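A.B. asks: This is the structure alone, sequence omitted:
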């Protein structure tokens, strides 16, 4: 039986139909990475060519599909760290946990500020998550993604030790 995968460009939903399931539609979360999304799934390598970018990291644009950061296109949620950009495996703001943010408090030198972009609007996070980052000496700014991008760019231009965790806003939210 042949399976058909449809990608809806205006939404983050993927639908999978088989010939025997035409009356049923299985909805899959939009930004979760799976083995079929990347041929090198779970193999991440980071190469640092220089210790510090000359002009800092700049988020040029965002869309429902991802971000343009320093001329690099990143699909889906991402973690912007000084000096790396990584995909961040969360589906929505409700997936943000102490574990999903552990990358940010393991960095050396420690970041001062973490800017969290939660999509189209500012979402409330679990208090335990914010408390854990506060205990580790990291200030957290939770904002909608457009404002989080602007805040991160401002902090980066001031040469602050800032990082960003960004979830793309859904289509039609601008």
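C.D. replies: Perfect, thanks for sending it. Owing to the predicted nature of the structure, the values given are computational and were not obtained by experimental measurement. Residues are numbered from 1 along each chain as shown.
A.B. asks: low-confidence ranges in this protein?
C.D. replies: In the predicted model of the chain, residues 1-55, 173-174 satisfy pLDDT under 70.
A.B. asks: Check which helices and strands the longest helix along it sits against.
C.D. replies: The residue-count maximum for a helix in the chain (DSSP state H) belongs to helix 145-157. For helix 145-157, the packing partners by 3 or more C-beta pairs under 8 Å, 6 or more residues apart in numbering; DSSP states H and E come out as strand 59-63, strand 113-117, strand 139-143, strand 162-166. (Each C-beta comes from the backbone N, C-alpha and C, glycine too.)
A.B. asks: and the angle for it with strand 59-63?
C.D. replies: In terms of direction (axes from the mean of the first three to the mean of the last three C-alpha atoms, to 10 degrees), helix 145-157 departs from strand 59-63 by 170 degrees.
A.B. asks: and the protein, what are its domains?
C.D. replies: Taking automatic domain parsing as the domain assignment, the ranges for the chain are 1-30, 59-166.
A.B. asks: which residues of the protein fall in helices?
C.D. replies: 102-105, 127-135, 145-157.
A.B. asks: most neighbours per residue, which of these?
C.D. replies: helix 145-157 (a mean of 19; mean count of other C-beta atoms under 10 Å).
A.B. asks: Contacts for it, please.
C.D. replies: Under the criterion C-beta atoms under 8 Å, 6 or more residues apart in numbering, residues 56-59, 62, 67, 80, 113, 115-120, 122, 141, 143, 162, 164, 166-169, 174 lie in contact with helix 145-157.
A.B. asks: same deal with stretch 112-121?
C.D. replies: So stretch 112-121 is contacted by 92-93, 96, 101, 104, 125, 133, 138-149, 151-152, 155, 160-170, 173 (C-beta under 8 Å, 6+ apart).
A.B. asks: With residue 149 as the reference, measure out to residue 103.
C.D. replies: 19 Å (C-beta to C-beta, to the nearest Å).
A.B. asks: should've said residue 90
C.D. replies: 17 Å.
A.B. asks: which residues sit in contact with residue 101?
C.D. replies: Counted by C-beta under 8 Å, 6+ apart, residue 101 has contacts 114, 129, 132-133, 165.
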